[in-house]
Every structure is written in structure tokens, then in C-alpha cells.
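Visitor: My questions concern the predicted model and sequence given below.
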Amino acid sequence: MSAQNRIPVGIIGASGYGGIQLVRLLLEHPLVDITYMGGSGSVGQNFADLYPHISHAVNLPIENIEPEEVADRAQVVFLSLPNGLASKIAPRLLAKGCKVLDLSADYRFTDLQVYESWYKETRTDGEVNSKAVYGLPEIYRDRIATANLVGCAGCYPTASLLALQPLLKQGLVDPSTIIIDAKSGTSGGGRQPKTNLLLAEADGSLGAYGIANHRHTPEIEQVCSDLAGQEVLVQFTPHLIPMIRGILSTVYAKLRDPGLVKDDILTIYKSFYRNSEWVQVLPKNIFPQTKWALGTNLCYLGVEVDPRTGRVIVVSAIDNLMKGQAAQAVQCMNIMMGWEESLALPKLTFYP
Ligand SMILES: NC(=O)C1=CN([C@@H]2O[C@H](COP(=O)(O)OP(=O)(O)OC[C@H]3O[C@@H](n4cnc5c(N)ncnc54)[C@H](OP(=O)(O)O)[C@@H]3O)[C@@H](O)[C@H]2O)C=CC1
Ligand SMILES: CC(=O)N[C@@H](CCC(=O)OP(=O)(O)O)C(=O)O
């Protein structure tokens with residue numbers, strides 16, 4: 001595609017952590033130009049004032065959000081906003097013919113009542129919601145390809161569901177035994193100041209939160225149920241860990257066939273993900289470090305079986321801001337636009 005034919009894209013919520021990741025990725029994308037940036041508190045400032053270290057690469061103001069005007073200037077719009085805002089904006093963008101990728105939870109649920117009860121908010125956009133597709137390409141690639149609205153998967157759900165998918169799809173485990181123990185870096189909480197994310201609170205400490213009631217539980221359950229073909233409930237416990245980026249999710253489940261050993265499961269995983277360039281199934285006895293995924297769109301999986309308990313254990317590592325958020329959204333855009341899926345998606349970390 002020539003430079004004149006590049007697609008204009010907008011980012012609403014450009015000033016946040018998701019926003020700046022999108023800027024980095026989209027500036028490197030050969031088929032798009034960023035033509036609009038929107039926000040709230042940062043309106044009137046230039047993006048380069050907020051992030052001076054990339055002033056050499058981008059010079060755009062943060063503007064008020066008037067969806068019809070945004071649609072005149074952008075064909076694809078990313079919404080990187082706190083939960084509850086996208087559902088007010090996306091319907092108006094879609095009505096004007098935009099393709100929309102929402103990074104929040106607004107369009108992740110097929111049943112709006114589940115969203116309403118977990119997010120404590122009433123929704124009136126049921127018809128629009130019914131057309132949204134869950135944005136996890138390794139599970140719903142075909143549906144994403146024909147969607148105009150994608151509700152990109154959450155960060156913990158992405159790491160956990162990629163670990164669970166082969167087990168559930170092939171009926172290898174008893175779904176009622178699934179336990180997910182996950183840890184996230186503090187950037188998972190976004191750029192807005194929060195007391196628990198202060199250096200003095202988070203550094204040198206590790207704690208669980210949202211036990212038995214974290215909002216990612218119903219999201220994980222929705223997709224697990226779809227994969228298993230039966231209603232699935234999971235035990236999900238997230239932890240805040242004193243690092244900036246990365247999620248490590250360890251999932252446990254009881255194997256239906258106690259005769260299966262590690263080599264069997266590893267063979268199944270390697271075969272299952274053989275065509276998924278963003279999922280790296282590690283060799284026997286190797287388990288991922290979050291550092292390996294930093295800055296990339298990759299998910300690393302390590303697989304183990306404990307013959308004493310009959311449990312399979314899968315360890316999954318992603319960068320919460322990349323495969324867990326902005327890079328996955330760009331991957332979805334590439335699929336929606338019919339482009340090569342890997343455009344602008346980093347595959348190599350900046351290790352160490
Ligand atoms: N951080 C992560 O690891 C992940 C986050 N997500 C989701 O992505 C979304 C964005 O997260 P993140 O980037 O971390 O959040 P941030 O807190 O870093 O950024 C939030 C953005 O939303 C804008 N904003 C806030 N309130 C309003 C408003 N009333 N009207 C318009 N714009 C507003 C802010 O703009 P301004 O500064 O101008 O006010 C800012 O750009 C959230 O829904 C989050 O749950 C998803 C996966 C992972
Ligand atoms: C460390 C931290 O606070 N993490 C956030 C999850 C990250 C996030 O923003 O969630 P989504 O993926 O649904 O957008 C939390 O637990 O609410």
C-alpha cells in the first residue's frame with residue numbers, strides 16, 4: 001500500500017499506558033497513520049508534552065472526544081479508557097462506519113447482565129454489544145476477521161486462557177478443578193495515581209487481591225465455558241508483584257486420564273499451537289520468565305504434570321501492556337483489516 005493509501009487511525013485515551021504503547025506500535029506500522037488523539041484531563045496538551053522522550057516521533061494535540069468528528073478523521077479507532085466509557089462512544093463511531101477496538105472490559109461479555117452485575121453499571125447498548133467479538137485471536141481469529149467491534153481480551157484472561165485452551169478444547173481436564181494463580185506488575189493498574197501502586201506501598205512486597213471476586217473471573221469463565229462446551233467456574237487469585245510490566249499466570253487442573261504424562265501433554269500443546277506464531281510452547285522442563293515477553297506480543301507456555309496429584313500445571317508469561325493489551329489490539333486490527341497478522345508486532349524482547 002502506498003503512503004497515500006495508509007489508513008487513518010485514532011487513539012482515544014492516548015495519554016495512558018495503553019495509549020503510549022499503541023503510539024509506539026502504530027508509528028512503526030506500515031499501513032496506518034495516527035491522525036487523532038483524544039482524552040479528558042490531558043485535552044489541550046500536546047502528546048509530546050506528556051511524553052517528551054518521543055517528541056521526535058509524534059507531534060499531535062490531545063483533543064476533546066466528539067465521536068462524529070473523530071469518525072471523519074479516522075477509519076479505525078482504538079479506545080483505551082477506563083471501563084464504562086467505551087460503551088458511550090463506540091456506538092456512535094460504528095454508526096459512522098469506523099472499525100472499533102476497545103481495550104476496556106465494556107465489550108468483552110456476550111451476556112450484558114454479567115457485565116452489569118460485575119461492573120455495577122447499567123447498559124443500554126445491547127444491540128451493539130451483541131455484535132462485538134472477544135479479541136483473543138488464538139481463540140476467535142475467524143470471528144475477529146469479520147468484526148467491526150472487538151472487545152480486546154483482558155490481561156489476566158489472555159495469559160490464563162492461552163494456558164487453558166488446549167486442555168479445555170480437547171476435554172483433557174475436569175473443568176471444575178481449575179485454579180489460576182496469577183501475578184501482575186503495577187502497570188496493570190494504569191497511569192492514574194492509586195495508593196496501592198505507590199513505590200512505598202508496592203515495592204518489596206507481594207500480596208493477593210480480589211480473592212474470589214476479581215472482575216476477570218467471569219471473563220475467564222465465559223471463554224472457558226465456550227471452549228469446554230459446558231458451564232465452567234474457575235478459582236482465580238491475582239497478586240500485585242513489585243515490578244513494572246509482566247504477568248505470570250500458573251494454572252492447575254485435574255487430568256481426566258491419570259495415565260497422561262508430561263510428554264503427552266507437551267506433544268498436545270506443541271501440536272495445538274503449531275500455527276500460532278505468538279504462542280511459544282517451551283521445551284520439556286523449561287518454564288517462562290516474564291522478562292522473556294517484555295515489549296513483545298508473545299505468550300510463553302511451560303507445561304508440567306504431577307503424577308502424584310494427577311494435576312497438569314501450565315505456566316504462562318506475557319507482557320500485560322503488549323499481548324495483554326495494546327499489541328493484542330493491533331494484532332486484532334491487522335486481522336480485521338485483512339492484513340498480515342504480524343504487522344508492527346514485536347517478537348524480540350529488550351532482554352535483560
Ligand atoms: N494496564 C494494563 O495492563 C491493561 C489495561 N487494560 C485496560 O485498558 C484500558 C486503559 O488502561 P490504561 O492505559 O492502563 O489506563 P490509564 O489509566 O493509563 O489511561 C487511561 C486513559 O483514559 C483517559 N480517560 C480517563 N477518563 C476519561 C474520560 N472521562 N474521558 C475520556 N478519557 C478519559 C485518560 O486520559 P486523560 O489523561 O486525558 O484524562 C487516559 O488516557 C482500561 O480499560 C484498562 O482496564 C487492558 C489490559 C491491560
Ligand atoms: C495490577 C492491576 O491492578 N491490574 C488490574 C488488571 C489490569 C486491567 O486493567 O484489566 P483489564 O485487562 O480488564 O483491562 C486489576 O487487577 O484490575
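Guide: Received the coordinates, thanks. Numbers count the residues shown, from 1 in each chain. Ligands and ions are numbered 1, 2, ... in the order given.
Visitor: what residues are up against the residue of the stretch 1-150 of the chain found nearest ligand 1?
Guide: Nearest residue of the stretch 1-150 of the chain to ligand 1, counting by CB to the nearest ligand atom: G16, 2.0 Å away. For every residue, glycine as well, the C-beta is placed using N, CA and C. Going by CB atoms under 8 Å, 6 or more residues apart in numbering, G16 touches 80-81, 190-192.
Visitor: Got a quick ChimeraX command for the buried subset of those?
Guide: Per 16 or more other CB atoms under 10 Å, the buried members of the contacts of G16 correspond to this ChimeraX selection:
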select :80,81
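Visitor: Secondary structure, distance to ligand 1 and pLDDT added to the contacts of G16, as TSV?
Guide: Putting these into TSV (DSSP: H, G, I helix; E, B strand; the rest coil; distance: CB to the nearest ligand atom, whole Å; pLDDT from 0 to 100) gives the following:
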residue	secondary structure	distance to ligand 1	pLDDT
S80	coil	4	98
L81	coil	4	98
G190	coil	3	97
R191	coil	3	97
Q192	coil	4	95
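Visitor: Distance to ligand 2 for the contacts of G16 - can I get that in JSON lines?
Guide: Converted to JSON lines, the contacts of G16 look like this (distance: CB to the nearest ligand atom, whole Å):
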{"residue": "S80", "distance to ligand 2": "9"}
{"residue": "L81", "distance to ligand 2": "10"}
{"residue": "G190", "distance to ligand 2": "6"}
{"residue": "R191", "distance to ligand 2": "11"}
{"residue": "Q192", "distance to ligand 2": "11"}
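Visitor: Of the contacts of G16, just say which sits nearest to P67.
Guide: Lowest distance from P67 to the contacts of G16 (CB to CB) belongs to L81, with 12.5 Å.
Visitor: Any figure for the gap between the residue of the stretch 1-150 of the chain closest to ligand 1 and M322?
Guide: Distance of G16 to M322, computed by CB to CB, to the nearest Å: 15 Å.
Visitor: what's the answer for V133, then?
Guide: 20 Å.
Visitor: which intervals of the protein have sub-threshold pLDDT?
Guide: 1-4 (pLDDT under 70).
Visitor: For it, what lies in contact range of ligand 2?
Guide: 104-105, 154-155, 184, 188-189, 238, 240 (CB under 6 Å from any ligand atom).
Visitor: Among these, name the ones in helices.
Guide: C155 (DSSP state H).
Visitor: Out of the residues of the chain next to ligand 2, which sit inside strands?
Guide: With DSSP state E as the criterion, strands contain 184, 238, 240 from among these.
Visitor: By neighbours, which of those wins?
Guide: Neighbour counts for those, by other CB atoms under 10 Å, peak at S184, which reaches 25 neighbours.
Visitor: Excluding chain neighbours, what is closest to that residue?
Guide: What sits nearest to S184 in space, not counting adjacent residues and going by CB to CB, 6 or more residues apart in numbering, is I247, at 4.9 Å.
Visitor: Quick check: that neighbour touching K183?
Guide: Yes - if you go by CB atoms under 8 Å, I247 and K183 touch, sitting 6.8 Å apart.
Visitor: between those two, who's got more neighbours?
Guide: Neighbours were counted for I247 and for K183 using other CB under 10 Å; I247 has more, 27 against 22.
Visitor: Which strand residues bridge the more buried one?
Guide: Going by DSSP bridges, I247 is paired in beta bridges with S184, I318.
Visitor: who's in contact with it?
Guide: Contacts of I247 (CB under 8 Å, 6+ apart): 155-156, 159, 182-185, 188, 290, 316-320, 324.
Visitor: now L22: how far from T290?
Guide: Distance from L22 to T290, by CB to CB: 21 Å.
Visitor: Mind checking which of the two has more residues around it?
Guide: L22 (29 against 22).
Visitor: in this protein, which spans are helices?
Guide: For the chain, the helices defined by DSSP H occupy 17-27, 47-50, 67-73, 86-95, 112-119, 126-130, 137-145, 155-169, 199-202, 216-228, 262-272, 326-336.
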